[in-house]
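>>> test case, fold it:
(2 chains)
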Amino acid sequence: MSNEHSGATPAAGETDFGRKAAMALLAQATVQELTQFWGQWADKPRVETLRGPETGLVMVRGRIGGGGAPFNLGEATVTRATVRLGSGAVGHAYALGRQGEKVRLAAVFDAIWQEPVHRRAVEDAILTPIAQRLDDNLEHRRAETAATKVDFFTMVRGDD
Amino acid sequence: MYVAVKGGEAAIRNAHKLLADRRRGDRSVPAIGLEQIVEQLALAVDRVMAEGSLYDTELAALAVKQARGDMIEAIFLVRAYRTTLPRFGYTKPVETSLMAIERRISATFKDLPGGQLLGPTFDYTHRLLDPELAGDVAVEVPERRVESHEQTPRVTDILGHDGMIESDGDMPEGADTGDLTREPLSFPLERDLRLQALARGDEGFLLGLAYSTQRGYARSHPFAGEIRIGEVEVELEVAELDFPLTLGRIRVTECQMVNQFKGSSSEPPQFTRGYGLVFGQSERKSMSMALCDRALRARELGEDITAAAQDEEFVISHSDNVQSTGFVEHLKLPHYVDFQAELDLIRRMRSEHERRHTENNGTQEAAE
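This is a model prediction of the structure:
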């Protein structure tokens, strides 16, 4: 499994994903995926919701000329949640959109992921399939776009 | 004495009920779903997100449906909605150089690294109505071509290596990024605020102004250096974590316009630039934005300000279609008292006019 998502560094030895990469994948999961994973998750922890899920806005920024000084492009909806497990682990999640249940479950899995005994299981059962789907989508789109690439050829005009 | 007049509650209630009925239309026709709008009227959704200045496809689709397809009404609805939500923060600037590209073309370099990728474009279609689309015909699966990943550097960076073009726009050291949703605009503006206003500005208004620059009002001799459409990652720094969080991906359109510049006493002759960045897929808007951005840099570049498109206060004050429609459409609201006052005034002026006329005639007759 690659770590190209958000380029986070894996924690030593036991993990394929850093927390940044893990949270990025959870943010891009679908509510169906997370609901299904949660349904299948054996030994569900007790979950206490500390915050949210609540929806708000972020102001998305661009850069002048693409790489210059920042400017404010426009807002986007974002939903966030924070949960605490029975073990005391606290999980956070933020994701574009307004899907409260998805974000709450993402926070739950962020918390579970932080417990070293469960990290491997979260990665194998949840993060890897999400990463796989995102990679496949990206590859699929890339191939469709590549098929629209212009192959220039030169018309040779005979002068003699 | 001011006498408040009330009334019309029942009429308004019934009018809104009628609106709901007409919006639904013929009940034997299935109601349109938000998913259908998001999937099949995607560019309408994109426009509402861009000018509503809120990225949320489902909300934009709902606005389109509620507004019966009236884009400015839909944009208005989205703008109103955004005022109901708290602001969590400002994201890190999106990196368009890392975009997952769905379309990318340059009108200045044929053989640029990464190539010309046409993507899902209306260009080169014949603009003939397709009767087949009236039905639900099966659509072919698009072609795919698996290639090794090629980098797609920005055209402006390629030109930049030779010093032929100015660099990406910088702001003065330590300048805060302006936000017109937080502070009222006060002219003159810095370029960051202008770009924010243009990014949410009316596509038609900016298109007209952009066209005017091509027709000789503020000539800037533009080339479409590069247009790219695709998804970029959005990252936010939050207090509870010590790394920027990835929130997801949004689709944007970026336009790098390249323009001539003869140089000045301090700058050598080089290409200058106009920049466009818009939510969603909207080439026309991003190109118009880039042309307007360049025209509005007249002051900065020491050019004569001779045309409407160069007049910052004129362009920015009138580019917002929610503001424009609010003021134009408010004329529909009752102005009975205002008008009564004007009517009285005209009556008085007329009787004055008639009195003078009679007096003049009287003096004339006496003189004869």
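>>> sketch out the low-pLDDT regions of the chain for me.
No chain specified, so I'll use chain A. Counting by pLDDT under 70, the ranges of chain A that qualify are A:1-16, A:157-160.
>>> if you could check chain B rather than the one you did, that'd help
Applying pLDDT under 70 to chain B flags the ranges B:1-5, B:365-368.
>>> for it, what spans make up the strands?
Ranges of strands in chain B, per DSSP state E, are B:54-55, B:87-93, B:100-105, B:222-236, B:245-259, B:272-279.
>>> now the longest helix along chain A: buried residues?
Identified as the longest helix of chain A according to DSSP state H is helix A:128-146. Buried residues in helix A:128-146, counted by 16 or more other CB atoms under 10 Å in any protein chain shown: A:130-131, A:134, A:141-142, A:144-146. C-beta: built from backbone N, CA, C; applies to glycine.
>>> filter these by proximity to chain B?
Within the set of the buried residues of helix A:128-146, contact with chain B (CB under 8 Å from any CB of the partner chain) is found for A:141-142, A:144-146.
>>> just give me the neighbour total for the closest residue to B:Glu313 other than its chain neighbours.
In space, and not counting its chain neighbours, B:Glu313 is closest to B:Phe187: 4.8 Å by CB to CB, 6 or more residues apart in numbering or on different chains. Number of residues near B:Phe187 (other CB atoms under 10 Å in any protein chain shown) recorded here: 9.
>>> my read: B:Phe187 touches B:Glu312, true?
Yes - assessed by CB atoms under 8 Å, B:Phe187 is found in contact with B:Glu312 at 6.1 Å.
>>> and B:Ser351, how far from B:Ala341?
Here the criterion is CB to CB, to the nearest Å. By it, B:Ser351 lies 16 Å from B:Ala341.
>>> how near is B:Ala129 to chain A?
Heads up, residue B:129 is Leu, not Ala. 23 Å (CB to the nearest CB, to the nearest Å).
>>> can you give me the helices in chain A?
Under DSSP H, chain A gives helices at A:19-27, A:31-40, A:100-114, A:116-122, A:128-146.
>>> report the buried residues of the fourth one.
Going by neighbour count (16+ other CB under 10 Å), the buried part of helix A:116-122 is A:118-119, A:122.
>>> repeat that for stretch B:287-306.
Residues of stretch B:287-306 classed as buried by neighbour count (16+ other CB under 10 Å): B:287-298, B:301, B:303.
>>> go on, stretch B:63-83?
B:63-65, B:67, B:71-79, B:81-82.
>>> filter those residues down to the ones near chain A?
Among those, the residues lying close to chain A (CB under 8 Å from any CB) are B:Arg82.
>>> and the buried residues of stretch B:63-83, which two are furthest apart?
B:Lys65 and B:Arg82 (17.9 Å; CB to CB).
>>> and B:Asp21, what is it in contact with?
For B:Asp21, the contact set (CB atoms under 8 Å, 6 or more residues apart in numbering or on different chains) is empty.
>>> quick one: it and chain A, what's the gap?
With CB to the nearest CB as the criterion, B:Asp21 and chain A are 29 Å apart.
>>> also B:Asp136?
The value you get for B:Asp136 to chain A, if CB to the nearest CB is used, is 22 Å.
>>> next up, phi/psi of that residue, please.
Per-residue torsions, B:Asp136: phi -110, psi 70 (degrees, to the nearest 10).
>>> again with the one 3 residues further on
With angles defined as degrees, to the nearest 10, B:Val139 shows backbone torsions of phi -110, psi 140.
>>> ok, it - how many residues close by?
B:Val139 has 8 nearby residues by other CB under 10 Å.
>>> make TSV from the ones next to chain B among the buried residues of helix A:128-146 and add distance to B:Arg194 to it.
Below are these laid out as TSV (distance: CB to CB, whole Å):
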residue	distance to B:Arg194
A:Arg141	33
A:Arg142	34
A:Glu144	36
A:Thr145	32
A:Ala146	36
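>>> looking at the residues you listed, which is nearest B:Ser319?
Looking across those and measuring by CB to CB, the closest to B:Ser319 is A:Thr145, at 32.0 Å.
>>> the closest one and B:Leu117 touch, don't they?
Yes - counting by CB under 8 Å, A:Thr145 does reach B:Leu117; the two are 5.3 Å apart.
>>> common neighbours of these two, please.
Counting by CB under 8 Å, 6+ apart, the residues touching both A:Thr145 and B:Leu117 are B:101-103.
>>> tell me where the stretch 101-250 of chain B has helices.
With DSSP state H, counting those that start in this stretch, the ranges of helices along the stretch 101-250 of chain B come out as B:155-160, B:191-199, B:203-214.
>>> so which of those helices is nearest chain A?
helix B:191-199 (3.8 Å; CB to the nearest CB).
>>> so what touches that closest one?
A:62, A:64, A:69-74, B:50, B:53, B:169, B:171, B:175, B:177-180, B:185, B:189, B:206, B:275-279, B:289, B:292-293, B:296-297, B:300, B:312, B:316, B:319-320.
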